[in-house]
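> Here is my input, please return the structure:
(2 chains)
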Amino acid sequence: MSRLVAAIRRRTALALLPLSVIPFVAVAPTVVRSHERFERAHQSGPLPAPVVALSAAETARFAPLPARPGTVPVLVWHGIDDARDGYSTSRRAFARQLALLKRLGYTAISTRQWADFRAGKSTNLPAKPILLTFDDGRLDSYRGADRVLERDGMRAAIFVITGDIDRRSPFYLTWSELHRMADSGRWDVEPHAHDGHTEITVAPDGRQAGFYAARRYTRSAGRESMAGWEARVSTDLFTLRDRFAAQGFVSHAFAVPFNDYGQRDAADPEIPRLLSGLLTRQFGSFFVQADDNDPTFTVPGSGVAQRYELRTGTTLDQLYGWLRKHSVPAPAARHHHPTTKG
Amino acid sequence: MTPGPSIPLAPPAPAGGEELPTLATPGERAEVDAALHELAGQAPVAGEAPAPPPAPVTVVDRAARVIAVAYLLVLLVGVIAYKGAFLQALGATPLLAAYGVIVCGYIVSRFILSAFYRARRDAGLEPHVAIIMPGFNEQEAIAASLRSLLALEYPEAKLEIVAVNDGSTDDTLAEMRTVARGAGGRVQVIDLGVNQGKRAAMAAGIRATEAEIVAFVDSDSVLEPDALRILVQGFADERVGALCGHADVLNVRESWLTKMQAVRYFVAFKVVKAAESVFSAVTCCSGCFSAYRRAAILPHLDWWEHQTFLGKPSTFGDDRSLTNCVLRDWKVRYEAKAISHTLVPSGFHQFMVQQLRWKRSWTRESLIVGSFIWRKHPIAAVSTYVGMLLPLIAPLVALRTIVYMPLVHGSAAPFVYLVGIYAMAVAYGLYYAARKRRYDGLWIYGVLFCFFYLFFLLWQTYWAIATARSSSWGTRPSTAGMAQPAVVESSS
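Residues are numbered from 1 along each chain as shown, chains lettered A, B, ... in the order given. Purely as a prediction, here's the structure:
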């Protein structure tokens, strides 16, 4: 008997070695999160603007463009980061892009000025206005862009995902940071989505689409009804609107997540029309990008408006080429509709 | 003796195996065993079967040891890597981050330094030694303690025992005399008549002998038969003024508290004292078992006996204080193979009172050691100053992390802090596990101790400093059947 007890004791004593690892494993995620939060809390200030200058060859190549009254080009970035992930723009590339805009004589306007312009109330727009926007409300956008904007006397709008702000995800800006940005006079805060910046399953084969862009498919309930779609989407948009109201931010335009308001999938032809109406009623204007990234400059009106997208690897020549192409009115240019495929 | 109120320690890679004490002849061993039994409160039963031989070291033990070592290394590397990843925090919260780096560096450096510790070779030294044993109301244990000293493996002609009765009101004096009568003049009994305190008793003993080396053994400690011989070999170096023996916990199995202390003592001696010893600057020769060159203490004896602090006599902390007297001008080393076994407090209250006393004398003696340690090796000096500073800051950091941060900022800081403490605690326990020949689950008590320290002991520091003037021992004679009067609880 005592031998048995001794054997059990010994086993237990030996088990202490592996058992003592458990607390480390249990706490590891918390420690990692806390470390992230620490970094987030202590590394959130704007980064210095990189020193850049256009070369002589570039200056020669990027000749001044004529102003085109009655239009405002709109640019969109996703984030300012050195990651070559397809979306992010490096700090240096961003600084060069702004140097080009400055060289071309553009003046960045606020979303409020742009909304007035859209409403036909454009009284005191600068000679060559441009609207700079950032989607998603990423911290790196602020950190990387703020000092460059300041140096070049520009401003920008940032379209935020309020659900991610609620979740305090370290990747995104917080409300207090957004307020500070707005107070600096360099930033406008605009809506992008609440929880709608995600993809959902829309077909039995597992096909995915933007949260707003299609009816959701679930194995248990099949495809949701149009009423279900409308309830889901409007709930999210209303929550988004409420968050903005609670923070005292006034929205002037909405940026459509994933550039998809239902126009891509022909399965529900009524969705683009319904969503477009909903977004126009709620926000006045909503932004999309052109699939070939050759959008038109914006003009007065309501509803959809297009933006030129700057992604990893977008060159100065591409940006200049687009600006030049649309600065000279083309006889056959169609201004009011997004160029959609399929 | 054991560390002052410093941070509980984490262990380094173990430097070789734990050497089991080499046992003396069966007769001597029996004498020591009897003393151990008696001290532990269980008189040996006549005709009792001999204790079973220690279980052999098995493959499982070796495997467990290898795992413990590997685990320990992974843990240490992990901690260093984590701290490295956090270095950027120095820019954000410089003070706090610096504290973290210093704590980590202090702990890790203790272990690295202790790896350089080498035990002395037997130099064949056999100086004349007098062991001073003061006693106050210890009639139950004093005879066994004295007999165990007589049984030590040391030339009879060169070993004298000085038993000092410090005005006991029980039969302590009679017990001393009984032992002396049977010892053929090797035990000298001094009677102070009235209770004058431990220092007075020790000083009387020191004055009563001409021996070159004076050793102190607490009456609640028992020596391995070869401990004295091993200890004095360190005096082969003429510049060594004092030597500190190793102390293991005798009543390990008595309570959860004694189990914790067993691991704590092990690390405090094998790591902290060993690290200090590398620079011959051990700051406290534990009262459990230590030896001094008589020439090194004589110039300080009067001062030490009548030491005062802020106008009040310093009654406890005799060991740390005496070490300080010697350390100023001499080398002081630790001898890991000279092993004593000592009784430690088993009850919570008793333990807390002892710890408060240690912290008070630590406060007092830190001021003294701080005034001259800078003349020693720079690493020893920096370690000592850091070791003084950390316990002062630690409670503030703990409060901030565990209470302020989560309440005010809803921060996860306590988890990070606690997992840090846990990492240190596990490393500490693993060190114990890795250095024991036979795998022993007791190491988990070392882990518990760190948390015990965090929740109970850490907070004593300020109170101890505020009341450092106090000369109260704060103890009452134990009722546990185990002789534990004020005097034997020495260990500052």
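> who are the neighbours in contact with the residue nearest to the spatial centre of chain A?
In chain A, the residue lying closest to the centroid (C-alpha atoms, centre = their mean) is residue A:135, at 1.3 Å. Residue A:135 makes contact with A:76-78, A:159, A:192, A:255, according to C-beta atoms under 8 Å, 6 or more residues apart in numbering or on different chains. Just so you know, the C-beta spots here come from the backbone N, C-alpha and C atoms, and that holds for glycine as well.
> Between which two of those residues is the distance greatest?
Largest separation among the contacts of residue A:135 by C-beta to C-beta: A:77 and A:192, giving 13.1 Å.
> more neighbours, those two?
Of the pair residue A:77 and residue A:192, residue A:77 is the one with more neighbours under other C-beta atoms under 10 Å in any protein chain shown, namely 27 against 24.
> Which secondary structure element of chain A has the lowest mean pLDDT?
Least confident helix or strand of chain A, by mean pLDDT, DSSP states H and E, is helix A:22-42 with a mean of 81.
> Output the longest strand belonging to chain B.
strand B:331-342 (DSSP state E).
> what is the rounded mean pLDDT of stretch A:54-69?
Throughout stretch A:54-69, pLDDT has a mean value of 92.
> Contacts for it, please.
Under the criterion C-beta under 8 Å, 6+ apart, residues A:96, A:99-100, A:103-105, A:127-128, A:297, A:316-317, A:320, A:323-324, A:326-329 lie in contact with stretch A:54-69.
> For residue B:154, what are phi and psi?
When read as degrees, to the nearest 10, the backbone of residue B:154 gives phi -160, psi 140.
> Correct me if wrong: it contacts residue B:125.
No - judged on C-beta atoms under 8 Å, residue B:154 makes no contact with residue B:125 at a distance of 11.1 Å.
> and chain A, which residues reach chain B?
Applying C-beta under 8 Å from any C-beta of the partner chain, one finds that chain A approaches chain B through A:9-10, A:12-14, A:16-17, A:20-21, A:23-24, A:27, A:30-31, A:33-35, A:37-39, A:41-43.
> Which among those residues count as buried?
Neighbour counting with 16 or more other C-beta atoms under 10 Å in any protein chain shown marks A:10, A:13-14, A:16-17, A:20, A:23, A:27, A:31, A:34-35, A:37-39 as buried within the residues of chain A next to chain B.
> which among the residues you listed gets closest to chain B?
Nearest to chain B among these is residue A:13, at 2.6 Å by C-beta to the nearest C-beta.
> mean confidence score for the helix or strand where that closest one lies?
In the assignment (DSSP states H and E), residue A:13 maps to helix A:2-19. If you average the pLDDT over helix A:2-19, you get 86.
> What of stretch B:208-225?
For stretch B:208-225, mean pLDDT is 91.
> before we move on, the earlier item: helices or strands up against the longest strand of chain B?
If you count contacts as 3 or more C-beta pairs under 8 Å, 6 or more residues apart in numbering or on different chains; DSSP states H and E, strand B:331-342 packs onto strand B:221-223, helix B:227-232, strand B:240-249, helix B:274-278, strand B:289-293.
> same question for the fourth one, mean pLDDT?
Averaged over helix B:274-278, pLDDT sits at 95.
> what's the distance between residue B:150 and residue B:179?
Distance of residue B:150 to residue B:179, given as C-beta to C-beta, to the nearest Å: 8 Å.
> Which neighbours do these two have in common?
Counting by C-beta under 8 Å, 6+ apart, the contacts common to residue B:150 and residue B:179 are residue B:187.
> Looking at those two, which is more packed in?
Per other C-beta under 10 Å, whichever of residue B:150 and residue B:179 has more neighbours is residue B:179, with 22 against 18.
> Now that one. Its backbone dihedrals?
The phi/psi pair for residue B:179 (degrees, to the nearest 10) is phi -60, psi -40.
> so it makes contact with residue B:145?
No - at 9.1 Å, residue B:179 does not count as touching residue B:145 under the criterion of C-beta under 8 Å.
> Find the nearest non-adjacent residue to the residue in the stretch 151-300 of chain A positioned nearest to chain B, please.
Using C-beta to the nearest C-beta, the single residue of the stretch 151-300 of chain A nearest to chain B is residue A:168, 10.0 Å away. In space, and not counting its chain neighbours, residue A:168 is closest to residue A:174: 6.9 Å by C-beta to C-beta, 6 or more residues apart in numbering or on different chains.
> what do you get for residue A:272?
Residue A:272's closest residue in space is residue A:262 (C-beta to C-beta, 6+ apart), at 4.1 Å.
> Low-confidence stretches in the chain?
You didn't say which chain, so I picked chain A. Residue ranges of chain A with pLDDT under 70: A:1, A:122, A:266, A:329-342.
> wrong one, I was asking about chain B
Residues of chain B meeting the criterion pLDDT under 70: B:1-55, B:86, B:88-92, B:410-412, B:471-492.
> hmm, try it at 80
Low-confidence segments of chain B, defined by pLDDT under 80, are located at B:1-57, B:83-94, B:96-97, B:311, B:315-316, B:405-406, B:408-416, B:470-492.
> list the contacts for the residue in it positioned nearest to chain A?
Chain B approaches chain A most closely through residue B:441 (2.6 Å), counting by C-beta to the nearest C-beta. By C-beta under 8 Å, 6+ apart, the contact list for residue B:441 reads A:9-10, A:12-14, A:16.
> Of the contacts of stretch A:54-69, grab the buried ones for PyMOL.
Buried residues within the contacts of stretch A:54-69, by 16+ other C-beta under 10 Å, are selected in PyMOL with:
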select buried, chain A and resi 96+99+100+103+104+128+297+316+320+323+326+327
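> buried stuff in stretch B:244-261?
B:244-252, B:254-255, B:257-261.
> interface residues of the stretch 351-492 of chain B facing chain A?
Residues of the stretch 351-492 of chain B lying near chain A (C-beta under 8 Å from any C-beta): B:411-413, B:415-416, B:418-419, B:422-423, B:426, B:429, B:433, B:439-441, B:443-444, B:447.
> mind listing what residue 302 touches?
All of this refers to chain A. A:118-119, A:280, A:284-285.
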